[in-house]
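> Mind looking at a prediction? Sequence and model below.
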Amino acid sequence: YLYTLAAIVFSGVLMTLLGFLRMGVLSDFFPSSAIQGMLAAIGIGIFAKQFHVMFGNTEFKGSTVELLLEIPNTFIAFVSNATDNTTAGIIGLGSLLIMVFYSKMRNKFLQLVPAPMWIVVSTVGLGYYFEYFSMKSLPIAKNLLISIPSDLINNLEFPDFGIVGNFDFINVVIAITLISSIESLLSIKAVDKIDAQKRRSNVNKDLKALGIASTLSAFLGGLNVVTVIARSSVNANNGATNRSANFFHGLCILLFILLFQSQIRMIPLTALSAILVYTGYKLADPANIGKIFKIGNEQLLIFSTTLLVTIFTNLMVGIASGIFATFVIHVILNKSAGIFVRNLLKP
């Protein structure tokens, strides 16, 4: 792990250099419909993984397809009270209902607080009820509650640069850099798609920021920093319009961890998973497929190819298949059709 931290430090430096070299231009090669397909696939993946946790099932692991197929069994087990996590599942389901019906509430005072914060406040309040007013303890297993170390400073890890010249170490640095850069560029393009103001990100500046952040994170024992869809979607769905959303998100997490550790430990993972289940659904909203269909069958094919391949394999293979499908459709098929029409019209 300490060697990995050292690799992330070097990877962060390389990502920063890529930003200065303006390599963010590579993001322009990702087709719009493929990005939409990737976005939907990520949403389905988030939904599939977090649905089980929402009902207190943290043991089931597998691919996205396996997780999707297991959803009915998880729900049946919850309804039939066949697990010991019924209370946690009820909290998860209640949190999901808050996310779904929050936008339909017309009370301006309730609307001042975002739905995810209402979930956090209510679950912490429930924890206090069982701690001070109930004869019973909170009926939720510890593995379904947020766990953070009591002494954060002494739990920090620092990178070990002892094998910097090793060939395997160099390979890991390159792999982390490529995967982090490409996935971040894809995510940045995807976030632009869900921006209410339809702006374009400065991808080169983002690469620089991600590189610097990754380097600093690794020096403090953290993993590399990449652009993620889930948090950005939550921000966008709750009205965030500029970069201050991420800044205050990070600042609030830091302050909460430092000042409200006991309260954080009262929050069930099922409640947080409900937020992600709703986020996953919004990313894979069926209405988006209708919009793609209206553009044309070619775009729907690119969208569907990226979506299905990503679900059955992974993000990198999925976006590659989307780019390949775009190339085949627009370069080969369309060009062939044009030649055929021109030959047909010749006297």
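Arrived safely. What you see is a predicted model, and the numbers here were worked out from it, not measured in a lab. Residues are numbered from 1 along each chain as shown.
> all contacts plus neighbour counts: C-alpha atoms, from now on.
Noted.
> low-scoring stretches of the chain, by residue?
Where the chain drops to pLDDT under 70, the residues are 82-84, 333-347.
> Quick check, central residue of it?
With distances taken as C-alpha atoms, centre = their mean, residue 230 lies nearest the centre of the chain, 3.3 Å away.
> you'd agree that residue is up against residue 278?
No. The criterion here is C-alpha atoms under 8 Å, and residue 230 misses it with residue 278 at 10.2 Å.
> any common contacting residues for these two?
Contact with both residue 230 and residue 278 is made by no residue, according to C-alpha atoms under 8 Å, 6 or more residues apart in numbering.
> State the distance from residue 304 to residue 29.
Applying C-alpha to C-alpha, to the nearest Å, the value for residue 304 to residue 29 is 18 Å.
> Show me what the helix or strand hosting residue 289 is packed against.
Using DSSP states H and E, the element containing residue 289 is helix 286-295. With contacts taken as 3 or more C-alpha pairs under 8 Å, 6 or more residues apart in numbering; DSSP states H and E, helix 286-295 sits against helix 297-312.
> Could you check the helix it packs on and say which residues are buried?
298-311 (16 or more other C-alpha atoms under 10 Å).
> In the chain, where's the longest helix?
Taking DSSP state H as the criterion, the chain has its longest helix at helix 167-194.
> and that one, what does it pack onto?
By 3+ C-alpha pairs under 8 Å, 6+ apart, helix 167-194 packs against helix 2-20, helix 32-54, helix 203-219, helix 229-237.
> Deepest-packed of those helices, please.
Of those, the one with the most neighbours on average (mean count of other C-alpha atoms under 10 Å) is helix 32-54, at a mean of 26.
> Mind giving me the packing neighbours of that one?
helix 64-79, helix 86-101, helix 167-194, helix 269-283, helix 297-312, helix 315-326.
> Show me which positions of the helix holding residue 289 end up buried.
Buried residues in helix 286-295 (16+ other C-alpha under 10 Å): 289, 292.
> what residues does that helix touch?
33, 299, 300, 303.
> same thing with stretch 47-55?
Residues contacting stretch 47-55 (C-alpha under 8 Å, 6+ apart): 58, 60, 64, 67-68, 71, 74-75, 78, 85-86, 88-90, 92-93, 269-274, 276-281.
> Which members of the residues you listed come out as buried by neighbour count?
Those of the contacts of stretch 47-55 that meet the buried threshold are 58, 64, 67-68, 71, 74, 78, 85-86, 88-90, 92-93, 269-274, 276-281, by 16+ other C-alpha under 10 Å.
> which residues touch residue 318?
Counting by C-alpha under 8 Å, 6+ apart, residue 318 touches 38, 305, 306, 307, 308, 309, 310, 311.
> C-alpha coordinates for stretch 220-235, CSV please?
Output in CSV follows, covering the C-alpha atoms of stretch 220-235 (Å, rounded to 0.1, in the frame of the first residue of the first chain):
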residue,chain,number,x,y,z
LEU,A,220,-1.3,12.0,3.3
GLY,A,221,-2.2,8.3,2.7
GLY,A,222,-5.1,8.9,0.3
LEU,A,223,-5.9,7.4,-3.1
ASN,A,224,-5.6,9.2,-6.4
VAL,A,225,-8.3,11.9,-7.1
VAL,A,226,-10.5,11.5,-10.2
THR,A,227,-13.6,13.0,-11.5
VAL,A,228,-16.7,11.0,-10.3
ILE,A,229,-20.2,11.0,-11.7
ALA,A,230,-22.1,10.2,-8.5
ARG,A,231,-21.0,13.3,-6.5
SER,A,232,-21.3,15.6,-9.5
SER,A,233,-24.8,14.2,-10.3
VAL,A,234,-25.9,14.9,-6.7
ASN,A,235,-24.5,18.4,-7.0
